[in-house]
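A.B. asks: Below: sequence and its predicted model.
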Amino acid sequence: MSSDGRKKIVILGAGPGGYIAAIRGAQLGAEVTIVEKNALGGVCLNVGCIPTKVLLHTAEVYCQAKEGAAIGVTAEKVSLDWPALMNRKALVVKTLVDGVGTLLRSNGVTVLQGEASFLSPKEVSVKGKDGTVATMTADAFIVATGSEPVVPPIPGFDLDGVMTSTEALSLEALPKSMVLVGGGVIGMEFASLFTSFGVKVTVVEMLPEILPLLDGEITAILKGVLARRGVVFHTSSKVTGVEKKGGSLAASVETPKGPIAVECEKVLVSVGRRPVTKGLGLENIGVAMDRSRVKTDKSMETSVNGIYAIGDCTSPVMLAHVASREGEVAVENIMGHPVEMDYKTVPSAVYTAPEIASVGLTEQQAREKGHSVKIGKFPLLANAKSLIMNEADGMVKYVVDGKYDEILGVHLIGPRATDLIVEGALALRLEATVDELLTTIHAHPTVGEALFEGALAVNGHPFSLPKK
């Protein structure tokens, strides 16, 4: 306890999990200290979600300007100013990072720059930037140290020109060509980004399809759109090595049709991320681990009483908004308000062009769980606002329980899908049925109307599709 009787909480890491946990703890009356070795905001604000989306937004505007003739706007000599975009990215990041600092100060949270490691379940050692070492005690600790990119031990991955997403966000200039190793969310966002800017992109994915955790019908639409834009896909394939070839790189790729070599200027490795837990001393105090991942229960508490973990260092769902919610759950339990983490309504968002968003079960997952499944689909070609926007590549897909008409999953691809998915998440949170969506009036003309029409299609009665 602090001198004034408040509970003391120390949080290791100031990413979207750590800083939200700190603010919530302060709101509930705790004395909170955050220890952060780098910048406030963590990976998300500095080298992840935010800078990536700054670049993707510019890519969207750039493509709209270039293709403006289709909607009656002619723009001459449209060009990309890459250095200006890098400056804007830095400004947006700085604005948001400074904002996090303001939020923490306004809530009375103490921020220490340094690296922490556990000496005991009630004490950590903090090594400051200047080399000084101090010890801190607390009633509870929250480990929120995040994750880092995985770079497999493949020959040539240590060459100049081979990079992770972190380096890809700070290129001095756009390359002419690129091989993307990995067809997950990060890989597809960068594929969409760089092909929009005229980079020749080749994607190599070990699994049979890109974005394997998402609905197959949805990802097939994205793959088709990107292929039309020039992206080359090699699925069920793997990069076995990278070599220097003159002033370029040559990636050796094993494909179902045999080995090939792909020449490129850059190679971007985006095969996943791993928890950052090394050096924290967790094993010395008996915290149970699953390799580098911290094990937690539904209250986000570890095997050691009073030590909690949140975000990418523990969660199998490595998303910023999941880390934030886990932070709330951890702090509320520390402060005597029992609550369990519920992942049912976690939305996934992929900021490609077109955007993808989903929440709940896919069709395959629902069938595997034994549900009698009904499906409702509505193409954006029949949605007025999507046609107005000239962005009609897309679809709404509902996965519904056949017995009770309860909505089990919502899957979107199209304009502003990442904004619209909140309706699906709320539907799952309230255990809504199709009828409850149908009796909710949706504004016209909006892309959101497609959610209404998709719900109508579950039972075969859409208004905006011809009768079969």
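C.D. replies: Received the coordinates, thanks. The structure presented is a predicted model; accordingly, all values stated were derived computationally and were not measured. Numbering: from 1, shown residues only.
A.B. asks: Tell me if I'm right that residue 100 and residue 40 touch.
C.D. replies: Yes: under the criterion of CB atoms under 8 Å, residue 100 is in contact with residue 40, at a separation of 4.5 Å. C-beta coordinates here come from the backbone N, C-alpha and C atoms, glycine included.
A.B. asks: overlap in contacts of those two?
C.D. replies: Residues touching both residue 100 and residue 40 (CB atoms under 8 Å, 6 or more residues apart in numbering) are 14, 19.
A.B. asks: pLDDT (mean, whole number) over the biggest helix by length in the chain?
C.D. replies: In the chain, assigned by DSSP state H, the helix with the most residues is helix 82-106. Along helix 82-106, the predicted confidence averages to a pLDDT of 98.
A.B. asks: Can you give me the domain assignment for this protein?
C.D. replies: Domain segmentation of the chain under automatic domain parsing yields 8-149+274-334, 162-271, 354-458.
A.B. asks: So what's the gap between the longest one and the chain middle?
C.D. replies: Counting by CA atoms, centre = their mean, to the nearest Å, domain 8-149+274-334 is centred 13 Å from the centre of its parent chain.
A.B. asks: From start to finish, how long is it in a straight line?
C.D. replies: As for domain 8-149+274-334, its first-to-last residue distance stands at 10 Å under the measure CA to CA, to the nearest Å.
A.B. asks: What of the second one?
C.D. replies: With CA to CA as the measure, the first residue of domain 162-271 is 13 Å from its last.
A.B. asks: repeat for the last one
C.D. replies: By CA to CA, the extent of domain 354-458 from end to end equals 24 Å.
A.B. asks: So which bits of the helix or strand harbouring residue 436 are buried?
C.D. replies: Under the criterion of DSSP states H and E, residue 436 resides in helix 434-438. Within helix 434-438, the residues that count as buried by 16 or more other CB atoms under 10 Å are 434, 437-438.
A.B. asks: Tell me the helices and strands packed up against that helix.
C.D. replies: helix 417-429, helix 449-458 (3 or more CB pairs under 8 Å, 6 or more residues apart in numbering; DSSP states H and E).
A.B. asks: Tell me which of those helices sits most buried.
C.D. replies: Counting by mean count of other CB atoms under 10 Å, helix 449-458 has the highest mean neighbour count of the helices and strands packed on helix 434-438, with a mean of 24.
A.B. asks: Go through the longest helix of the chain and flag the buried ones.
C.D. replies: Neighbour-count burial for helix 82-106, counted by 16+ other CB under 10 Å, picks out 85-86, 88-89, 92-93, 96-97, 100-101, 103-104.
A.B. asks: Would you reformat those as TSV and include distance to residue 30?
C.D. replies: Shown next, in TSV, are those (distance: CB to CB, whole Å):
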residue	distance to residue 30
85	41
86	39
88	37
89	35
92	31
93	29
96	25
97	23
100	18
101	19
103	16
104	13
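A.B. asks: JSON lines for the domains of the chain, including distance to residue 340?
C.D. replies: Supplementary listing: the domains of the chain in JSON lines, determined by distance: least, CB to CB, whole Å:
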{"stretch": "domain 8-149+274-334", "distance to residue 340": "4"}
{"stretch": "domain 162-271", "distance to residue 340": "23"}
{"stretch": "domain 354-458", "distance to residue 340": "14"}
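A.B. asks: Could you point out which of the helices and strands packed on helix 434-438 sits nearest residue 45?
C.D. replies: Each of the helices and strands packed on helix 434-438 was checked against residue 45 via CB to CB, and the shortest separation belongs to helix 417-429, namely 17.6 Å.
A.B. asks: Mind listing residues that contact the helix holding residue 436?
C.D. replies: When contacts are taken as CB under 8 Å, 6+ apart, the neighbours of helix 434-438 outside the stretch itself are 376, 398, 400, 405, 407, 423, 427, 430, 451-452, 455-456, 458-459.
A.B. asks: The stretch 251-400 of the chain: strands as residue ranges?
C.D. replies: With DSSP state E, counting those that start in this stretch as the criterion, the stretch 251-400 of the chain has strands at 258-264, 266-269, 273-275, 289-290, 293-294, 307-309, 347-350, 355-360, 373-379, 395-401.
A.B. asks: What pairs with the first one, parallel or antiparallel?
C.D. replies: Strand pairing for strand 258-264, using DSSP bridges, gives strand 248-255 (antiparallel).
A.B. asks: Next, the buried residues of the strand it pairs with.
C.D. replies: When burial is assessed from 16+ other CB under 10 Å, strand 248-255 yields the following buried residues: 249-254.
A.B. asks: and what of stretch 55-70?
C.D. replies: Buried residues in stretch 55-70, defined by neighbour count with 16+ other CB under 10 Å: 55-56, 58-60, 62-64.
A.B. asks: picking up where we left off before, can the helices and strands packed on helix 434-438 go into JSON lines with extra columns for distance to residue 78 and mean pLDDT?
C.D. replies: Supplementary listing: these in JSON lines, determined by distance: least, CB to CB, whole Å; pLDDT from 0 to 100:
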{"stretch": "helix 417-429", "distance to residue 78": "25", "mean pLDDT": "98"}
{"stretch": "helix 449-458", "distance to residue 78": "30", "mean pLDDT": "98"}
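A.B. asks: Please convert the ones you listed to a markdown table, extending it with distance to residue 366.
C.D. replies: Shown next, in a markdown table, are the helices and strands packed on helix 434-438 (distance: least, CB to CB, whole Å):
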| stretch | distance to residue 366 |
| --- | --- |
| helix 417-429 | 12 |
| helix 449-458 | 13 |
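A.B. asks: Between the buried residues of strand 248-255, which sits nearest residue 335?
C.D. replies: Top of the list for closeness to residue 335, among those and by CB to CB, is residue 251 at 51.5 Å.
A.B. asks: So that closest one is in contact with residue 265, correct?
C.D. replies: No: applying CB under 8 Å, one finds residue 251 not in contact with residue 265, separated by 11.2 Å.
A.B. asks: Need phi/psi at residue 185.
C.D. replies: Backbone dihedrals for residue 185, given as degrees, to the nearest 10, come out at phi -60, psi -50.
A.B. asks: Please enumerate the helices of the stretch 1-150 of the chain.
C.D. replies: Residue ranges of the helices in the stretch 1-150 of the chain, as given by DSSP state H, counting those that start in this stretch, are 18-27, 42-47, 49-66, 82-106.
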